[in-house]
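Engineer: Show me the folded form of this:
(2 chains)
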Amino acid sequence: MKKIFLALTIYFISLNSSYALIEVDITRGNLDPLPIAVSPLHVDIKSTEHEGIKVKELGANISSIIERNFKNTGLFNPLKKEAFVQKPDIAHLKPRFEDWRLIKAQALVTGKILVKDGKLKVEFRLWDLTAAKEMTALAFTTTPTNWRRVAHIISDKIYERLTGEEGYFDTRIIYVAESGPKDQRVKKLGIMDQDGANTKYLTLGNELVLTPRFNPTNQMVTYLSYFRNMPRVYLLDIETGVQEVVGNFPGMTFAPRFSPDGKKIIMSFAEDGNSDIYTMDLETRVVERITNHSSIDTSPSFSPDGKFIVFNSDRSGLQQIYVMRSDGSSVKRITFGNGIYGTPVWSPRGDLIAFTKVRKGRFYIGVMRTDGSGERLLTENFYQEAPSWSPNGRVLVFYRETKAGSKGEGFSASLWSIDITGYNERKLTTKTDASDPSWSSLLSK
Amino acid sequence: MTFNRNLKNIFLVVFTTLILSACSTAKKSGDMDGDVYTGKETVKYLASGVPDRVFFATNKSSLTTASRATLRKQATYLRKNKKLNVTIEGHADERGTREYNLALGERRANAARDYLMTYGISGKRISTISYGKEKPVNPASSPLAWSQNRRSVTVKVN
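Structural biologist: Below you'll find the predicted structure:
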């Protein structure tokens, strides 16, 4: 009886493995990226012209955005198109798997588009070339001007299918765009697609602005503005451009973030020089004091379930990271390593806290578990800080500043990203110098 | 043997000199005491003999003896000029996180304000603002520049 059971188990295991589709493991640094062929999307000949869009090139343009997204993850190796063995329309119907395998591709993306009557119809398929199977397919319709988002949505679906995790391509980054000499910086709020396209500026640069952060639905931004030389937390509606000051505090408010349900803003308020943490309910306008301590308490960030707050305090004498319940009770210090710690941010998955660490004059971006254990430093530099999570909790974006010469020359600020594995560090493309990045959630959710 | 002893002595002398010079650069090199700026290079004056700013140690907002002397001069000047109001701007160097530095600048500005108040200046005449690391007076990335940037500056508003 036992033997039969054993035999059955083995049978199931082998059955499983023979049907297993390709997978990408993103929990480790991937030194062997998956070779993937992204065929240009076939443009249906029934397509008509659409103002401002190069319809004939649209299929190729969408596929190059997908390729760039994949390449930037470090998990995929998009193959060169010159080696492709089938025309896009034919491959999309059914690829000749053995031919694609010859160019060492393991996965293939095909698709077609039709632009007609002011609409863009898209369909795509992901093929497992080793198992000779279709893995996923999807069709949708949108407006032609959304074509870059189409590329990002396709990237997200494929990433999700191959890694088992949500993607992060159909997202935007809000940041502070910087220009001018180091001692006279002009700063504006900038917003762009995750890949650096579609940059827009939300303020004019007349007043200093810092630390913008999205609300959960990405329609609002909270940030610090020195409007009329009064540093206060503001709320900005991205669509309408309407701005308002958050609360009526008789002193500086700063370090704002939204609660995970988007209903409150949590921030620091400096009263007679002492910074404590407060929340304000955006609907009822009720202000609650969360910490009451003679030390600096700042950089608060909610856990995704809203039950806890991680924050930065120097109550021990130096900057360290603390966790408390969202009503301010049960304050517990979680960092005890050498050096000082700042800018804690709770991961959207809830499992990790990202932070900045300063030790012996060097700046590190790291992650640790929410009880402070398992600290891992991901990157070291002259100056870098302010990590922000990708919506799937796999990548951090942060900013770096370079060392300046005696007149401030050689100074620059730029955005960087790194996987929480510590691999795949990469500079983001921005139109100007940039700092204080904040990553949106997925726009299409 | 004699050669060896001589060599040892030379080493000893060289070593001591090195230690001494190392100490002097760390403790008092020109315009710094510890890491607090003591020079005049960036200083402006509210009136003759009344410096407009005081300097702080890294991550600290406590006032040094020299800072207290400067602030007492400011207090005397403000007592004489009863209609004058001031803003105290608190600043930090570029070697901390932005948000913490905003809080630190606020604390430095208020340390100066509190001291002026203990010398009889009404709090109503003194507003504060923190700029964190946003407005360096010296844009260089050097210990000297950082010491000049860790400051609170008293600015006339009328």
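
Engineer: care to break chain B down by domain?
Structural biologist: Residue ranges for each domain of chain B read B:1-29, B:31-156, as given by automatic domain parsing.

Engineer: which bits of chain B sit near chain A?
Structural biologist: For chain B, the residues found near chain A under the criterion Cβ under 8 Å from any Cβ of the partner chain are B:59, B:61, B:94-100, B:102-104, B:106-107, B:109-111, B:113-114, B:128-131, B:134-142. Yep, even glycine has a C-beta here, placed from its N, CA and C like the rest.

Engineer: Now intersect these with the helices, please.
Structural biologist: B:98-100, B:102-104, B:106-107, B:109-111, B:113-114 (DSSP state H).

Engineer: rank the domains of chain B by mean pLDDT and give me the bottom one.
Structural biologist: Taking the average pLDDT of each of the domains of chain B, the minimum falls on domain B:1-29, with a mean of 46.

Engineer: Looking at the domains of chain B, which one is packed in the most?
Structural biologist: Between the domains of chain B, the one whose residues have the most neighbours on average, counting mean count of other Cβ atoms under 10 Å in any protein chain shown, is domain B:31-156 (a mean of 20).

Engineer: just curious, which of the ones in helices among the residues of chain B next to chain A is nearest to chain A?
Structural biologist: The nearest member of these to chain A, counting by Cβ to the nearest Cβ, is residue B:110 at 2.6 Å.

Engineer: picking up where we left off before, quick one: which of the ones in helices among the residues of chain B next to chain A is nearest residue A:332?
Structural biologist: residue B:100 (19.6 Å; Cβ to Cβ).

Engineer: The closest one against residue A:298, yeah?
Structural biologist: Yes: with contacts defined as Cβ atoms under 8 Å, residue B:100 counts as touching residue A:298 at a distance of 6.0 Å.

Engineer: Quick check: neighbours shared by those two?
Structural biologist: Overlap of the contact sets of residue B:100 and residue A:298 (by Cβ atoms under 8 Å, 6 or more residues apart in numbering or on different chains) consists of residue A:312.

Engineer: Tell me the bridge partners for the most centrally placed residue in chain B.
Structural biologist: The centroid of chain B falls nearest to residue B:55 when counting by Cα atoms, centre = their mean (1.4 Å). With DSSP bridges as the criterion, residue B:55 is bridged to residue B:151.

Engineer: contacting residues around it?
Structural biologist: Counting by Cβ under 8 Å, 6+ apart, the residues that residue B:55 touches are B:36-38, B:64, B:67, B:147-148, B:150-151.

Engineer: Next: residue A:197.
Structural biologist: Residue A:197 makes contacts with residue A:148, as judged by Cβ under 8 Å, 6+ apart.

Engineer: Apart from its neighbours in sequence, what residue is nearest residue A:257?
Structural biologist: Ranked by Cβ to Cβ, 6 or more residues apart in numbering or on different chains and with sequence neighbours excluded, the top spatial neighbour of residue A:257 is residue A:213, at 5.1 Å.

Engineer: tell me what the helix or strand containing the one you found is packed against?
Structural biologist: With the criterion set as DSSP states H and E, the secondary-structure element containing residue A:213 is strand A:209-214. Helices and strands touching strand A:209-214, by 3 or more Cβ pairs under 8 Å, 6 or more residues apart in numbering or on different chains; DSSP states H and E, are strand A:172-179, strand A:186-193, strand A:220-225, strand A:253-258, strand A:433-439, helix B:98-118.

Engineer: Leaving aside the residues adjacent along the chain, what's closest to residue 72?
Structural biologist: Because you didn't say which chain, this covers chain A. residue A:426 (6.4 Å).

Engineer: Actually, chain B is the one I wanted.
Structural biologist: Closest residue in space to residue B:72, ignoring its immediate chain neighbours: residue B:119 at 6.1 Å, by Cβ to Cβ, 6+ apart.

Engineer: Wait, the one you found touches residue B:70, no?
Structural biologist: No: under the criterion of Cβ under 8 Å, residue B:119 lies out of contact with residue B:70, with a separation of 11.8 Å.

Engineer: before we move on, the earlier item: quick one: distance of the strand holding residue A:213 to the chain centre.
Structural biologist: 15 Å (Cα atoms, centre = their mean, to the nearest Å).
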